[in-house]
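Q: Can you look at this prediction? I've put the sequence above it.
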Amino acid sequence: MWLINAFLSALFAGATAVLSKMGLEDMSSHYVTALRTSVVLVFTWLMVWVSGSDFSGLNAQNLLFIVLSGIATGASWLCYYRALSLADVSQVVPIDKLSTFLTMIFAFIIFHEEVTPLKILCMLMMMFGTYLMISKPKQKATSNHWYLYALGSAFFASLTAILAKIGIINVDSQTVTALRTIVVVMMAWLVVRVSHSYQPLSMIHKKQAFFIVLSGVATGLSWLCYFEALKDGPASVVVPIDKLSIVISILFAYFILHEKQSRKTLTGLICIVVSTLLLII
């Protein structure tokens with residue numbers, strides 16, 4: 001089941017990137033992130049209520065790492081959607097997926113997960129594929145900014161998986177997801193307040209609101225599947241499978257946002273997909 005959940009997580013995460021891009025038009029990325037996270041909060045607690053999950057097994061150590069994981073997620077999101085507002089989906093997503101490489105390194109060091117020649121080969125293929133997929137941004141004035149934000153997103157995303165893996169021990173994954181979301185919501189709205197990026201809800205077009213809500217639901221579903229997979233499966237395999245969301249993102253970006261892909265980008269995508277599928281072996 002953890003394998004199925006990992007693939008479902010990738011599917012929903014891939015849809016999230018494009019839906020978020022469609023909801024960002026003429027709006028602050030911080031504000032959209034806060035709105036989306038609020039949708040995720042409602043959705044995840046609704047799932048806790050429907051499933052009858054409880055807080056059994058939760059202790060101080062679990063709670064600490066769940067909160068830290070939520071903070072890392074909030075930081076990753078803020079960096080990610082800021083980068084997404086400055087560049088194309090196909091530019092931001094490959095950099096963000098470097099978190100896979102970092103997570104695998106952390107998993108080997110912290111959880112002592114097995115290091116095999118195949119895993120090393122897969123990591124090198126992922127790095128090479130990511131390098132091929134990085135394209136020059138169209139907006140020269142903000143090129144350095146989107147790149148740095150994307151790197152920040154990758155770093156904090158890798159911390160998210162490791163901290164959550166520790167915090168999820170003996171605790172229901174849906175409860176963990178819901179608790180983490182509270183932390184992320186608080187961080188997101190704090191940034192909105194500090195950056196003065198709040199906008200009246202009346203200024204949001206119905207189409208934008210629709211895509212923001214959809215992206216929030218997709219994120220919630222992705223999280224629920226992701227942490228369920230992470231609870232039972234090895235982080236060095238679950239995280240790379242989850243990052244197959246890049247395939248969904250690129251396909252959606254091509255067919256829906258009409259972002260054209262070069263042969264170099266497609267070659268890099270194939271390297272990432274093949275290396276991820278090899279890890280399942």
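A: Received the coordinates, thanks.

Q: show me the residues around the closest residue in space to G220 that isn't next to it in sequence that make contact.
A: Leaving aside its chain neighbours, G220 sits nearest to F43 (3.8 Å; criterion: C-beta to C-beta, 6 or more residues apart in numbering). Backbone N, C-alpha and C define where each C-beta goes, glycine included. Contact partners of F43, counting by C-beta atoms under 8 Å, 6 or more residues apart in numbering, are 216-217, 220-221.

Q: Filter these down to just the ones in helices.
A: 216-217, 220-221 (DSSP state H).

Q: For those, which single residue is the most surrounded?
A: Using other C-beta atoms under 10 Å as the neighbour test, the ones in helices among the contacts of F43 are led by G220, with 26 neighbours.

Q: Tell me which residues touch that one, please.
A: Residues near G220 by C-beta under 8 Å, 6+ apart: 39-40, 43-44, 47, 177, 181.

Q: Mind doing that once more with 10 Å?
A: G220 makes contact with 12, 16, 36-37, 39-47, 177-178, 181 under the criterion C-beta atoms under 10 Å, 6 or more residues apart in numbering.

Q: and what of V40?
A: Counting by C-beta under 10 Å, 6+ apart, V40 has contacts 16, 77, 177-178, 180-181, 184-185, 188, 215-224.

Q: Would you mind measuring from I204 to T219?
A: For I204, the distance to T219 equals 18 Å [C-beta to C-beta, to the nearest Å].

Q: what's the answer for L98, then?
A: 20 Å.

Q: higher neighbour count, these two?
A: A count of neighbours by other C-beta under 10 Å puts T219 above the other of L98 and T219, at 26 against 22.

Q: Tell me how far the helix or strand where A72 lies lies from the chain's centre.
A: Taking DSSP states H and E as the definition, one finds A72 inside helix 60-86. Its chain's C-alpha centre and that of helix 60-86 lie 9 Å apart, by C-alpha atoms, centre = their mean, to the nearest Å.

Q: For the stretch 101-250 of the chain, just list every one of the helices.
A: 117-133, 143-167, 173-195, 206-232, 235-242, 245-255 (DSSP state H, counting those that start in this stretch).

Q: Please identify which of the ones you listed is closest to S28.
A: Set against S28 and scored by C-beta to C-beta, those come closest in helix 173-195, at 7.3 Å.

Q: tilt between that closest one and helix 60-86?
A: Angular relation of helix 173-195 and helix 60-86 on a 0 to 180 degree scale: 50 degrees, by axes from the mean of the first three to the mean of the last three C-alpha atoms, to 10 degrees.
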